[in-house]
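In: My questions concern the predicted model and sequence given below.
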Amino acid sequence: MKPLKDFSSTNVQYLFTDIDDTLTDHGQLKAHAYQALWDLRAKGIEIIPVTGRPAGWCEMIARFWPVHGVVGENGGFYFRYHDKKMDRHFVFDEKSREANRAKLELIRRDVLKEVSGCAIASDQFSRLMDLAVDFAEDVGPLAEKDIDKIVSIFARHGAQAKVSSIHVNGWFGTYDKLSMCKEYAKRELGLDLDAYNERFAFSGDSPNDEPMFAFFRNSFAVANIKNFISRLQHKPAFVSEKEGGEGFVEIASRLMSVRK
C-alpha cells in the first residue's frame, strides 16, 4: 500500500466509497467528512456510496446527501434520486426477496443460539436483502473466532457472508458490491466499468471491500484498514495516514488536488 502522495492520476470522475468507518468516526458522520463530499462534487467528482447499510438508510442518503446514487446492502440494489424521482434497481424481484428473507430467518436463529455476545443489527428492520449480525457496533467487540463462527453459520446455510468493521452481512445470491457497481456504471453512467476503470476510484476500510480493492486501479483505504490486513489477500493501492472520516478527507483532498 502506497502513501497518498504517490497517487497522481488526473482522470478520476467518479468515486465509489464505503460509509462506516470510512466516512464516519466512531459511528458518526462528522462535518469534515460531509463537507468533503460537497467539495468533491463542486470539483466535478461524482460520489456513489457503496455500503452494507440497509434500504431505509439508502433512501435517505440518495435523497439528501450530495451523491449521484447509492449502492446498498453490499450490492443487493442501488437507489438514485434524479429529476424528483427515486429509481430503485434490485438484483432480485419481490418474490425472490421474500423467499430469501424466510431462509435468512433460519440463519438468524442459529447465529443467536450458537454465538454468545452477538446481536442482530439495530438497522435490520430497514433491510430488504440481507441479514446483518452486529459484532462491534452496539455489542462487543467480539473475538475473531466468534466472527469466523458467524461467517461459518451463513456458509452452512448456503449463504454468502462478508465481514465489515462492525457487522457480518449475509445474503443469498452471487452478487457483491463490485457487481452492482458495474451495473450502476452501465445503467446510470453509460460506462463499462472494466473499459473505463481509470475514470473511477474506490475508498474503503474493511474485508468486505476486498473485491473493490482488487478491481479498481485507483483504490484507497483509510488507515484503519491496517486492523484487517491479515484478512486481506487484495490490498488497496493507497492508504491515508489518518483513520475514518479524517482519512477520507485526506483521500478527497488528494483526488481534488491532482484533478485537471
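Out: Arrived safely.
In: For N11, give me its contacts.
Out: 198-199 (CB atoms under 8 Å, 6 or more residues apart in numbering). No exception for glycine: its C-beta is placed from N, CA and C like everyone else's.
In: So it, which state does it fall into?
Out: The three-state label given to N11 by DSSP: H, G, I helix; E, B strand; the rest coil is coil.
In: Can you list phi and psi of it for me?
Out: Backbone torsions of N11, given as degrees, to the nearest 10, read phi -100, psi 0.
In: What does the pLDDT read for it?
Out: Listed pLDDT for N11 reads 93.
In: same deal with R259?
Out: R259 carries a pLDDT score of 89 in this model.
In: From P66, how far off is the nearest residue to D192 once chain neighbours are set aside?
Out: Using CB to CB, 6 or more residues apart in numbering and skipping residues adjacent in sequence, the residue nearest D192 is K186, 6.7 Å away. According to CB to CB, to the nearest Å, K186 stands 23 Å off from P66.
In: my read is the residue nearest to D192 is in a strand, agree?
Out: No - with three-state DSSP as the criterion, K186 is located in helix rather than a strand.
In: pLDDT weak spots in the stretch 51-200 of the chain?
Out: Within the stretch 51-200 of the chain, no stretch has pLDDT under 70.
In: What segments of it are strands?
Out: Along the stretch 51-200 of the chain, counting by DSSP state E, counting those that start in this stretch, strands occupy 70-72, 77-82, 85-90, 119-120, 131-134, 160-163, 167-171, 200-204.
In: And the shortest one, what does it pack against?
Out: In this case it means strand 119-120. On a contact count with 3 or more CB pairs under 8 Å, 6 or more residues apart in numbering; DSSP states H and E, strand 119-120 meets helix 94-114, strand 131-134.
In: most packed of the ones you listed?
Out: Stretch with highest mean neighbour count among the helices and strands packed on strand 119-120: strand 131-134 (a mean of 26; mean count of other CB atoms under 10 Å).
In: that older thread, hmm, L193 and the residue nearest to D192 touching each other?
Out: Yes - with contact defined as CB atoms under 8 Å, K186 and L193 form a contacting pair (7.4 Å).
In: Between these two, which is the more surrounded one?
Out: Per other CB atoms under 10 Å, whichever of K186 and L193 has more neighbours is L193, with 20 against 12.
In: Thanks a lot, catch you later.
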